[in-house]
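S.K.: Model the structure of this input:
(one chain, ligands or ions: 2)
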Amino acid sequence: MSNVLIDITETSKLPSAWVHLGSQKLLDEIIDAIPSKDAFLPQILISLEQVHGLMSSTSKHNLPTGLHLGRVGRLAALLAKKAKLDWKERLECLYGGWIHDVGKVYIPEKILNKPGRLTAEEYELIKGHVLFGCKVLEDYPSLEAFVDPVKYHHERWDGNGYPHKLRGLDIPVTGRVVCLVDAYDAMTSFRPYPPYQRTHEESIEEIKRCAGTHFDPFLAQIFCSLSHHEIEDLI
Ligand SMILES: [Fe+2]
Ligand SMILES: [Fe+2]
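M.R.: Ligands and ions are numbered 1, 2, ... in the order given. Prediction:
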C-alpha cells in the first residue's frame, strides 16, 4: 500500500472486513487515469471519508446492506472500467455504488431482514429508500457528484423502474451501471425465499434474459463477458 496516493485503510475507520484489496486497486486505477491529479486529489479524499461515514452508518443499521454497498461499489467500478467510461464516471460508480442504498437507514430493520416475501405495503416502503438516499445526500454538498447512482439505480432500460421512470439513455450511465451490478449482487446473495441464492451462471443467464428490458443491453453484454474469477475477486 506504500505507493498509493490515497490509502483506503488509513482514511477509513471501517471494520477490517470492509477493507478489500480490490477497493484500493480500483481507486488507484481511477486516480492513475486523472490527467491533473493535484487538482482533484484533496476532494477525492474528502469525499472518500464522507462516503465511508455513510457506509458505516448504513452498516450499523443493517450489516447485510452495508456489506452489499461494498460489493456493489467495487463491481460498479469494474464494469465502468470495462465499459471504458472516463475517470469521473468510474469514480462516481465506485463512490456512488458504495452509498447507493444509504436511504435504507430509514427503513425499519425488521423489514430489511424479513425472512419471506414483502407485502405490497412493505415493498412500497422499501422503494422509498431511493428518495430517502437523495435526501441524506442533501447534507453532503461535496458528494453531489455521486448522486446519480443513488437516484437512478432502480430505473429500468424499458422505463418500468422507479421512482423517476426514466428510459434508456435518459438514465445517466452511472445509474445504469449500478442498477446492473446491484441486481447481480442481489441475485447471488442469500435470500431466505424463492428464488433463494442464484449461482453466478444462473445470474448471468438472468442478466442476458433481461438485457434490453431491465438492463442497458450494451452494459449487460460487457458484464456477461467478464470471467467469474474477475467478479469473484471483488465480492
Ligand atoms: Fe436500492
Ligand atoms: Fe442495492
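S.K.: Low-confidence stretches in this structure?
M.R.: The chain contains residues with pLDDT under 70 at 1-3, 11-18, 192.
S.K.: residues from it in reach of ligand 2?
M.R.: Counting by C-beta under 5 Å from the ion, the residues of the chain lying close to ligand 2 are 101, 182. Glycine gets a C-beta too; all of them are placed from N, C-alpha and C.
S.K.: ok, longest helix in the protein?
M.R.: Identified as the longest helix of the chain according to DSSP state H is helix 37-61.
S.K.: Which secondary structure elements does that one sit against?
M.R.: Secondary-structure packing of helix 37-61 (3 or more C-beta pairs under 8 Å, 6 or more residues apart in numbering; DSSP states H and E): helix 8-11, helix 21-32, helix 63-82, helix 87-99.
S.K.: List the buried residues for the longest one?
M.R.: Residues of helix 63-82 classed as buried: 65-81 (neighbour count, 16 or more other C-beta atoms under 10 Å).
S.K.: Any chance you could spot the residue sitting in the middle of the chain?
M.R.: Geometric centre of the chain, nearest residue: G97, 2.4 Å, by C-alpha atoms, centre = their mean.
S.K.: Span of stretch 220-228 from start to end?
M.R.: 15 Å (C-alpha to C-alpha, to the nearest Å).
S.K.: Now do that stretch: everything it contacts.
M.R.: 78-79, 82-83, 180-181, 184, 200-201, 204, 207-208, 210-212 (C-beta atoms under 8 Å, 6 or more residues apart in numbering).
S.K.: between those residues, which is closest to ligand 2?
M.R.: Of all the contacts of stretch 220-228, V181 has the smallest distance to ligand 2: 9.0 Å, by C-beta to the ion.
S.K.: hang on, R191 packs against Q197?
M.R.: Yes - R191 is in contact with Q197 according to C-beta atoms under 8 Å; the separation is 6.2 Å.
S.K.: quick one on the thing from earlier: filter the contacts of stretch 220-228 down to the ones in helices?
M.R.: Using DSSP H, 78-79, 82, 180-181, 184, 200-201, 204, 207-208 are the members of these that sit in helices.
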